[in-house]
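Participant: sequence below, structure please.
(2 chains, ligands or ions: 2)
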Amino acid sequence: MIEIFQYEFMQRAFIAAVLVSVACGIVGTYVVIKRIVFISGGISHAAFGGIGLGYFLGINPILAAIPFSLISALGIGAINQRVKVSEDTAIGILWSLGMALGIIFVNLTPGYVPDLFSYLFGSILTVPISDLYIMLVLDLIIIGTVFLFQREFLALSFDEEFSKVVGMPSELIYMLLLCLVALSVVVLIKVVGVILVIALLTIPAAISKQYTSNIRKLMALSVIIGGLLTSAGLWLSYVFNLASGATIVLVLTFAFGISYYLRD
Amino acid sequence: MTLNAVEMKNISLKFNEQSILHDINLKIEEKDFMAIIGPNGGGKSTLLKIILGLLTPDTGEVKVFGREPKKARDLMGYLPQSVSFDHDFPINVFDTVLSGIYHGLFKGYSENDRKAVINALKDVEMEKFKDRQISRLSGGQIQRVFIARAIVREPKLLLMDEPMASIDPEMQNSFYQLLSKLKDKMAIVLVSHDVGAVSIHVDKIACLNQRLFYHGPVEDAKEGLEEVYNCPIDLISHGIPHRVLKEH
Ligand SMILES: Nc1ncnc2c1ncn2[C@@H]1O[C@H](COP(=O)(O)OP(=O)(O)OP(=O)(O)O)[C@@H](O)[C@H]1O
Ligand SMILES: [Mg+2]
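Facilitator: Ligands and ions are numbered 1, 2, ... in the order given. Okay, here's the model as predicted:
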């Protein structure tokens, strides 16, 4: 098992797993306790529009996905607060709109489109160094924001109406939380792909939530569990030569099943 | 000149074309202790939410200590009628009460805030549960925690929507004692269905069923109460034996 670390691509993959676990542990905790799983799924699929735009413009798709997923997060938040459309309808529309835009952009891109599959289904073994740096910066932004706004995020998640009553700018805080989801989606895309992102945002936190009732411990535990399970999935996918994103999701789901069984 | 805690002028509100509140004029003075009474669906919770700035009326004007409701939130404490939260939400009793205090973005909590939380928990006799996860409490215990969350910041206007729901008789008693201590420092408005208990303790009553049928001292509330409930009310009021007995 040790020898696989000798390959540079493997080292990079494990670094990616660590970076991913930070985003999914911290933001995933809020996704789970605030029950915004479906919204997060919408944001992650809408991000595919940004991937397509990146190909079309000839820039790094991950970079193009950042503004795109931020805008879709703000869009979903704004529709939720201002327009009289039910929230899940709005999410459904943006979800498919983002995917459709991505496909059209890819269509319009002349010539061969390399690694398109890796953005859809993930490919942790081929994460370039430059993307690792982007992921690191996004992780730092996420940690800093959560550190600064932890009181607001917790109050908003627990009792949104009361958070307004004590004077918090709850609508802005909610938008900010959705933006963090958007950034973590970008961190996760390369590893599990647009379609499977939601698994990493929910399962580690859902497992940890069974074992602690303190939000900081919950975040820490989710980061650790996310890191271990992602690495385990990565290793299995290497050994059995399976698609890495899907293997990671299977490992996560299996672990969730076991943890649920052990809890009782 | 002293500012009124609340001044409502010609407030009307409709939900889906249906009139919920009609032409409400209500003044709550700085040290008032008032109960809002009325049948289910009479608009009591809605009225509190208008005062809190959570709902905006279709017509009329609301001022809380002379300000827009949203600008006066630092002066208000609130106990909602019900809170729907996740059954295993990761928060303990202490932090729940602490969330009743807020100093603004980037401003953390001080040692005084933590003391205030402990004191509020003592007031509702929940101090020994301070580290317990909120979902592992009984319904009445959770209600007590939310009462503590409402009073912890020592608001100038305390709004409580059916505080006695699921509270046992012994705690109800100490709760009214607590309120009588607090009433010198703030205006208190509570929504209740227990006309008897409330009329012993509060100074003023507002009878609400879409319209405001009466608001004023408890002594004169009988007619308004009967009108709002559409049935005779046995009012136990100031100055009659119950009250005298209690004051021994
Ligand atoms: N979000 C809403 N949308 C539509 N109608 C609403 C909404 N909230 C309340 N209502 C209606 O407004 C009316 C007043 O509701 P409110 O909750 O203020 O009553 P209440 O006096 O507090 O009743 P209760 O004693 O049952 O708590 C009710 O008829 C209710 O159906
Ligand atoms: Mg009500």
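
Participant: so what's the residue count around B:Val195?
Facilitator: Other residues near B:Val195 come to 19 when the count uses other Cβ atoms under 10 Å in any protein chain shown. Every residue, glycine included, has its C-beta placed from N, CA and C.

Participant: likewise for the one 5 residues further on?
Facilitator: The burial metric for B:Ile200, expressed as a neighbour count using other Cβ under 10 Å, is 16.

Participant: tell me which helix or strand it sits in.
Facilitator: In this structure, B:Ile200 sits in helix B:195-201 according to DSSP states H and E.

Participant: same for that helix, what does it pack against?
Facilitator: Under the contact criterion of 3 or more Cβ pairs under 8 Å, 6 or more residues apart in numbering or on different chains; DSSP states H and E, helix B:195-201 touches strand B:33-37, helix B:169-182, helix B:241-246.

Participant: between the first one and helix B:169-182, how many degrees?
Facilitator: Read it as strand B:33-37. Orientation of strand B:33-37 against helix B:169-182 (axes from the mean of the first three to the mean of the last three Cα atoms, to 10 degrees) gives an angle of 130 degrees.

Participant: can whichever helix or strand comes after the helix holding B:Ile200 be said to contact ligand 2?
Facilitator: Moving toward the C-terminus from helix B:195-201, the next helix or strand (DSSP H and E) is strand B:204-209. No: contact of strand B:204-209 with ligand 2 (Cβ under 5 Å from the ion) is absent, the minimum separation being 10.4 Å.

Participant: next one: stretch B:146-164
Facilitator: No: using Cβ under 5 Å from the ion, stretch B:146-164 stays clear of ligand 2, coming no nearer than 5.8 Å.

Participant: run the chain-centre distance for that stretch.
Facilitator: Chain-centre distance of stretch B:146-164: 6 Å, with Cα atoms, centre = their mean, to the nearest Å.

Participant: between its first and last residues, what's the separation in that stretch?
Facilitator: Taking Cα to Cα, to the nearest Å, stretch B:146-164 runs 12 Å from one end to the other.

Participant: contacting residues for A:Phe153?
Facilitator: The neighbours of A:Phe153, taking Cβ atoms under 8 Å, 6 or more residues apart in numbering or on different chains as the test, are A:Tyr30, A:Val146, A:Ile173, A:Leu177.

Participant: ok so it is a helix residue?
Facilitator: Yes: assessed by DSSP: H, G, I helix; E, B strand; the rest coil, A:Phe153 belongs to a helix.

Participant: state the pLDDT value of it.
Facilitator: Per-residue confidence at A:Phe153 stands at 98 (pLDDT).

Participant: distance check, it against chain B.
Facilitator: Relative to chain B, A:Phe153 is positioned 11 Å away (Cβ to the nearest Cβ, to the nearest Å).

Participant: chain neighbours aside, what residue packs nearest to A:Gly92?
Facilitator: Distances taken as Cβ to Cβ, 6 or more residues apart in numbering or on different chains put A:Gly42 closest to A:Gly92, at 7.5 Å, once the chain neighbours are dropped.

Participant: which ones are touching B:Ala116?
Facilitator: Contacts of B:Ala116 (Cβ under 8 Å, 6+ apart): B:Ile101, B:Val152, B:Arg153, B:Glu154.

Participant: quick one: is the helix holding B:Ile200 near ligand 1?
Facilitator: No: interface with ligand 1: helix B:195-201 contributes nothing (Cβ under 6 Å from any ligand atom), its closest point being 12.8 Å away.

Participant: find the closest residue to ligand 2 in chain B.
Facilitator: When scored by Cβ to the ion, chain B has B:Ser45 as its residue closest to ligand 2, at 3.2 Å.

Participant: confirm that residue sits in a strand?
Facilitator: No: assessed with three-state DSSP, B:Ser45 is helix; it does not lie in a strand.

Participant: contacting residues for it?
Facilitator: B:Gln81, B:Asp161, B:Val191.

Participant: circling back: any idea how far the helix holding B:Ile200 is from the chain center?
Facilitator: Chain-centre distance of helix B:195-201: 15 Å, with Cα atoms, centre = their mean.

Participant: now that helix: buried residues?
Facilitator: Within helix B:195-201, the residues scored as buried using 16 or more other Cβ atoms under 10 Å in any protein chain shown are B:Val195, B:Ala197, B:Val198, B:Ser199, B:Ile200, B:His201.

Participant: coming back round to it: can you pick the most crowded of the contacts of B:Ser45?
Facilitator: Greatest neighbour count in the contacts of B:Ser45, by other Cβ under 10 Å, goes to B:Val191: 26 neighbours.

Participant: would CSV of the contacts of A:Phe153 with neighbour count be doable?
Facilitator: Output for these, formatted as CSV (neighbours: other Cβ atoms under 10 Å in any protein chain shown):
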residue, neighbour count
A:Tyr30, 26
A:Val146, 17
A:Ile173, 21
A:Leu177, 25
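
Participant: closest to A:Tyr7 out of those residues?
Facilitator: Of all the contacts of A:Phe153, A:Tyr7 sits closest to A:Val146, with 33.7 Å by Cβ to Cβ.

Participant: quick check: the closest one vs A:Leu176, distance?
Facilitator: Between A:Val146 and A:Leu176 the distance is 10 Å, computed by Cβ to Cβ, to the nearest Å.

Participant: pLDDT below threshold where in chain A?
Facilitator: Within chain A, the ranges that satisfy pLDDT under 70 run A:1-2, A:264.

Participant: quick one, helices of it?
Facilitator: A:8-33, A:37-57, A:61-82, A:87-108, A:116-121, A:129-158, A:160-165, A:170-209, A:215-239, A:244-263 (DSSP state H).

Participant: pipe those into JSON lines and attach distance to ligand 1 per row.
Facilitator: Compiled in JSON lines, those are given as follows (distance: least, Cβ to the nearest ligand atom, whole Å):
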{"stretch": "helix A:8-33", "distance to ligand 1": "24"}
{"stretch": "helix A:37-57", "distance to ligand 1": "21"}
{"stretch": "helix A:61-82", "distance to ligand 1": "15"}
{"stretch": "helix A:87-108", "distance to ligand 1": "15"}
{"stretch": "helix A:116-121", "distance to ligand 1": "41"}
{"stretch": "helix A:129-158", "distance to ligand 1": "20"}
{"stretch": "helix A:160-165", "distance to ligand 1": "12"}
{"stretch": "helix A:170-209", "distance to ligand 1": "18"}
{"stretch": "helix A:215-239", "distance to ligand 1": "30"}
{"stretch": "helix A:244-263", "distance to ligand 1": "36"}
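
Participant: about what we covered before: CA atoms only for the helix holding B:Ile200, dumped as PDB, please.
Facilitator: Only the C-alpha atoms of helix B:195-201 are listed here, as PDB (Å, rounded to 0.1, in the frame of the first residue of the first chain):
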ATOM      1  CA  VAL B 195     -58.200  34.500  30.800                       C
ATOM      2  CA  GLY B 196     -58.500  33.600  34.500                       C
ATOM      3  CA  ALA B 197     -54.800  33.400  35.300                       C
ATOM      4  CA  VAL B 198     -53.800  36.300  33.100                       C
ATOM      5  CA  SER B 199     -56.400  38.700  34.600                       C
ATOM      6  CA  ILE B 200     -55.000  38.100  38.100                       C
ATOM      7  CA  HIS B 201     -51.500  39.100  37.000                       C
END
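
Participant: so which bits of stretch B:74-81 are buried?
Facilitator: For stretch B:74-81, the neighbour count (16+ other Cβ under 10 Å) marks B:Leu75, B:Met76, B:Gly77, B:Tyr78, B:Leu79, B:Pro80 as buried.

Participant: I'd assumed A:Glu161 was in contact with the last one.
Facilitator: Yes: B:Pro80 lies in contact with A:Glu161 (Cβ atoms under 8 Å); the separation is 6.7 Å.
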